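J.: Need a 3D model of the sequence below.
(chains A and B)
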Amino acid sequence: DAGITQSPRHKVTETGTPVTLRCHQTENHRYMYWYRQDPGHGLRLIHYSYGVKDTDKGEVSDGYSVSRSKTEDFLLTLESATSSQTSVYFCAAAGDPNQPQHFGDGTRLSIL
Amino acid sequence: GEDVEQSLFLSVREGDSSVINCTYTDSSSTYLYWYKQEPGAGLQLLTYIFSNMDMKQDQRLTVLLNKKDKHLSLRIADTQTGDSAIYFCAEKTGANNLFFGTGTRLTVIP
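T.: So this is what the prediction gives:
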């Protein structure tokens, strides 16, 4: 949808290891978002970006960092993964805050 | 944070209408959205309504908004088996945040 690709689609790793998830978009959208989806919680915002090198925290940002060096790429990093970060992660993008967000297909991350 | 509530499950027979309900707490919502999620996929935008509207119709989909009661509904006419999915409502309040409900799993019985 809206040219948003997430990689990897699935990852299994161990507690304490660093993990980076990538979101790539081809629509030149200025705004990009990272969410996590957990049972009973719907989607919750982790971090978002409103331009190259411009990012801000969301509702559940602890333990996560992001970077945006190019308009098309938004990276989510878990510096030292914990089991509580096992989740499905979704990236979204929008041209401006008043436009609907369009989502990628998600990354299923398991931390053992 | 904002609280967006949905019932967890809904079952309907093929050909009947489905009504999925959502309540929210923040009266300053600007836009309200309905997304559909099929297994293993991301969220697909179905429709959205601006907060100064009462109703929006788009083919088989009708969205009703009652701002006084902070209640949003999505009606799917002539529900088909391909409509089986999880449906999320979401409200946009501030500049950059969407608050999602927990999703309603719609099962369509042939």
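
J.: beta partners for the residue nearest the centre of chain A?
T.: Residue closest to the mean C-alpha point of chain A, counted by CA atoms, centre = their mean, is residue A:34 at 2.9 Å. On the basis of DSSP bridges, residue A:34 is bridged to residue A:47, residue A:91.

J.: these two touch, right, it and residue A:23?
T.: Yes. The pair residue A:34 / residue A:23 is scored as a contact, 7.2 Å apart, by CB atoms under 8 Å. Just so you know, the C-beta spots here come from the backbone N, C-alpha and C atoms, and that holds for glycine as well.

J.: which residues are in contact with both of these two?
T.: A:74, A:76, A:91 (CB atoms under 8 Å, 6 or more residues apart in numbering or on different chains).

J.: could you dump stretch B:16-31 to PDB, C-alpha only?
T.: The C-alpha coordinates for stretch B:16-31 follow below in PDB (Å, rounded to 0.1, in the frame of the first residue of the first chain):
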ATOM      1  CA  ASP B  16     -26.600  -9.500   5.700                       C
ATOM      2  CA  SER B  17     -25.400  -6.100   6.900                       C
ATOM      3  CA  SER B  18     -22.600  -5.800   9.400                       C
ATOM      4  CA  VAL B  19     -22.400  -2.900  11.900                       C
ATOM      5  CA  ILE B  20     -19.100  -2.400  13.700                       C
ATOM      6  CA  ASN B  21     -19.200   0.100  16.600                       C
ATOM      7  CA  CYS B  22     -16.500   2.300  18.200                       C
ATOM      8  CA  THR B  23     -16.500   4.700  21.000                       C
ATOM      9  CA  TYR B  24     -13.900   7.300  21.800                       C
ATOM     10  CA  THR B  25     -13.200   9.800  24.600                       C
ATOM     11  CA  ASP B  26     -11.500  12.800  23.100                       C
ATOM     12  CA  SER B  27     -13.900  15.400  21.900                       C
ATOM     13  CA  SER B  28     -11.200  17.200  20.100                       C
ATOM     14  CA  SER B  29     -10.900  14.500  17.500                       C
ATOM     15  CA  THR B  30     -10.400  15.900  14.000                       C
ATOM     16  CA  TYR B  31     -10.600  12.800  11.800                       C
END
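
J.: Show me what counts as buried in it.
T.: For stretch B:16-31, the neighbour count (16 or more other CB atoms under 10 Å in any protein chain shown) marks B:18, B:20-24, B:26, B:29, B:31 as buried.

J.: With stretch A:44-63 instead?
T.: Using 16+ other CB under 10 Å as the test for burial, stretch A:44-63 gives A:44-50, A:55, A:58-61.

J.: Around chain B, pick out the residues from chain A.
T.: A:1, A:4, A:31, A:33, A:40-45, A:48, A:50, A:56, A:58-59, A:90, A:92, A:97-98, A:100-106 (CB under 8 Å from any CB of the partner chain).

J.: Mind checking which of these are buried?
T.: When neighbours are counted using 16+ other CB under 10 Å, the residues of chain A next to chain B contain these buried positions: A:4, A:31, A:33, A:42-45, A:48, A:50, A:58-59, A:90, A:92, A:97, A:100-106.

J.: Now for residue B:83: which residues touch it?
T.: Residue B:83 makes contact with B:18, B:76, B:106, B:108, according to CB under 8 Å, 6+ apart.
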